[in-house]
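> For reference, the sequence and a predicted model appear below.
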Amino acid sequence: MLEDAIKRMIRRDGAVTFERFMEMALYMPEHGYYMSGRQVIGPEGDFYTSPHLHPVFGWVLAVQLDEMRSLLGEPGGFTIVEVGAGRGFLSDGIISYIRRELGWGDGWHYVIVERNPGVRRVQEETLSEHEGIVEWVSSLGETGRFRGCVVSNELLDSFPVHVIQMDDVFCEVYVDVTDDGFRERLGDLSTPELVDYIDRYRIPRTAGYRTEVNLRIRGFLEEVSRILAEGFVMTIDYGYPFWEYYAEERSRGTLLCYHRHACNEDPYQNVGQQDITAHVNFSALRDWGEETGLKTVGYCSQGTFLVSLGIDRILSGLLDADPGFQSEIPKIKGLLLGMGDTHKVMIQYKGDRALRGLRGFELRNRLNLL
């Protein structure tokens, strides 16, 4: 049992940072939440993502990818790399629309980064119609250098985070064990990077203020920049600019857990059986991207992004072809309203081209808010 294994390790080696606890709870081989092979997304799982509401989500993203491909030009090919593809629904939507409506010729392919063999088997089943187009790797580094776009949907929120709390000074939350289970205690910050982050993003020094810091995003962007010869990074996730994330009134942070479609705030229950997430600081995503050679070209809400890309035109065409499609509209509303408000889209670019903008940000580009 994962919980017992973590407790044994802590008793043997001492208390661990919350970041290390979260990493074990989610990613420990065979037993962590994302590594166990159990279904975590969808009706039988613990939560939904946008591609589970309707495949039109992938269709519309394909429109943006089509523009990116045109901007880069044909020579050199175009590769779409998706990290954290879940059950493969987003991949299927994107590839199906490219093949059915956009008619891309040769010189492109789709790579999924997936280190869980059980999840990969599910993806292979979902994407069986696209044999020859899709390939799998277990890490980003295995892709080699390429031109194209790195896509992630609700990936960064699942990266392990440091939890910090203001006492007389900022302290870090560590996880220890007692006879009754896990317990938290405060200790020194585990890395100087936290000191720099606290100052850079002006985290309130109010007594008792508690929040999260996701430092792993920096490493992810560095790795992406190393392998991306030229192209884009499309990130879709829930989060805020730093000034909204670290507002004084958000004094308990954003850490949440999901189990059987119910939300709770206790990461120490159902260990290995529930998701643990924290919102994304999109200002840090922009800043660290710039430092690694990724220029931010657009940022807005998911709903605005989809409307800019013509989701209404796609839906009108579907309704004209089949009036019965009207029954699907309630599902699609969630892409524009619920998740359409909470989820943000950021696109970054690596290369020397002078880009005037992307279609997904024609209605609204909120870079000024970051």
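Okay, I see it. Numbers count the residues shown, from 1 in each chain.

> in this structure, which helix or strand is least confident?
Of all helical and strand segments in the chain, the minimum by mean pLDDT, DSSP states H and E falls on helix 50-53, at a mean of 62.

> after it, next one along is what?
With elements assigned by DSSP states H and E, the helix or strand that comes after helix 50-53 is helix 56-72.

> Poorly predicted segments of the chain, please.
37-54 (pLDDT under 70).

> again, only this time at 80
The model of the chain has pLDDT under 80 over residues 36-54, 74-76, 261, 318-325, 327-335, 338.

> Leaving out chain neighbours, which residue sits closest to the residue nearest to the spatial centre of it?
By Cα atoms, centre = their mean, the chain has its centre lying nearest to residue 155, at 2.3 Å. Once flanking residues are discounted, residue 155 sits nearest to residue 84: 3.8 Å by Cβ to Cβ, 6 or more residues apart in numbering. Backbone N, C-alpha and C define where each C-beta goes, glycine included.

> so the one you found sits right up against residue 152, yeah?
Yes. Using Cβ atoms under 8 Å, residue 84 is in contact with residue 152, at 5.6 Å.

> who has more neighbours, these two?
residue 152 (21 against 18; other Cβ atoms under 10 Å).

> how about the helices of the stretch 51-200 of the chain, start to end?
56-72, 89-97, 117-126, 192-200 (DSSP state H, counting those that start in this stretch).

> Go through the ones you listed and name the closest to residue 279.
When these are ranked by distance to residue 279, counting by Cβ to Cβ, first place goes to helix 192-200 at 15.0 Å.

> Can you name the residues in contact with the closest one?
When contacts are defined by Cβ atoms under 8 Å, 6 or more residues apart in numbering, helix 192-200 is touched by residues 162, 164, 170, 172, 189, 203, 213, 215, 284, 287.

> Now for residue 138, how many residues are close by?
With other Cβ under 10 Å as criterion, residue 138 counts 12.

> for residue 109, that is, sorry about that
18.

> Please report how far it lies from residue 117.
21 Å (Cβ to Cβ, to the nearest Å).

> which two of the contacts of helix 192-200 lie the greatest distance from each other?
Across the contacts of helix 192-200, no pair lies farther apart than 172 and 287, at 21.7 Å, counting by Cβ to Cβ.

> related to what we said a few turns ago, for residue 36, see how far away the residue nearest to residue 155 is.
16 Å.

> C-alpha coordinates for the longest strand that the chain contains, CSV please?
Counting by DSSP state E, the longest strand found in the chain is strand 228-240. What follows is strand 228-240, C-alpha atoms only, in CSV (Å, rounded to 0.1, in the frame of the first residue of the first chain):
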residue,chain,number,x,y,z
LEU,A,228,12.3,22.6,-29.9
ALA,A,229,14.3,23.8,-32.9
GLU,A,230,11.5,26.2,-33.9
GLY,A,231,7.9,26.3,-33.1
PHE,A,232,5.3,26.8,-30.4
VAL,A,233,4.3,25.7,-26.9
MET,A,234,0.6,25.6,-26.2
THR,A,235,-0.3,25.4,-22.5
ILE,A,236,-3.9,25.0,-21.4
ASP,A,237,-4.5,24.9,-17.6
TYR,A,238,-6.3,26.6,-14.8
GLY,A,239,-4.4,29.3,-13.0
TYR,A,240,-3.9,33.1,-12.6
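
> ok, then the element right after that strand?
Heading C-terminal from strand 228-240 (DSSP H and E), you reach helix 242-245.

> what are the pairing partners of the next helix or strand along the chain from that following helix, and which direction each?
For helix 242-245, the succeeding helix or strand toward the C-terminus, using DSSP H and E, is strand 256-259. Strand pairing for strand 256-259, determined by DSSP bridges: strand 262-264 (antiparallel), strand 275-277 (antiparallel).

> Could you point out which of these sits nearest residue 355?
strand 275-277 (31.6 Å).

> what about the closest one, distance to the chain center?
12 Å (Cα atoms, centre = their mean, to the nearest Å).

> try stretch 128-146
The answer for stretch 128-146 is 19 Å, by Cα atoms, centre = their mean.

> Quick one: residues in contact with it.
Everything outside stretch 128-146 that qualifies as a contact, by Cβ under 8 Å, 6+ apart, is 77, 79, 81, 83, 91-92, 95-96, 99, 109-115, 120, 123-124, 127, 223-224, 227-229, 231.
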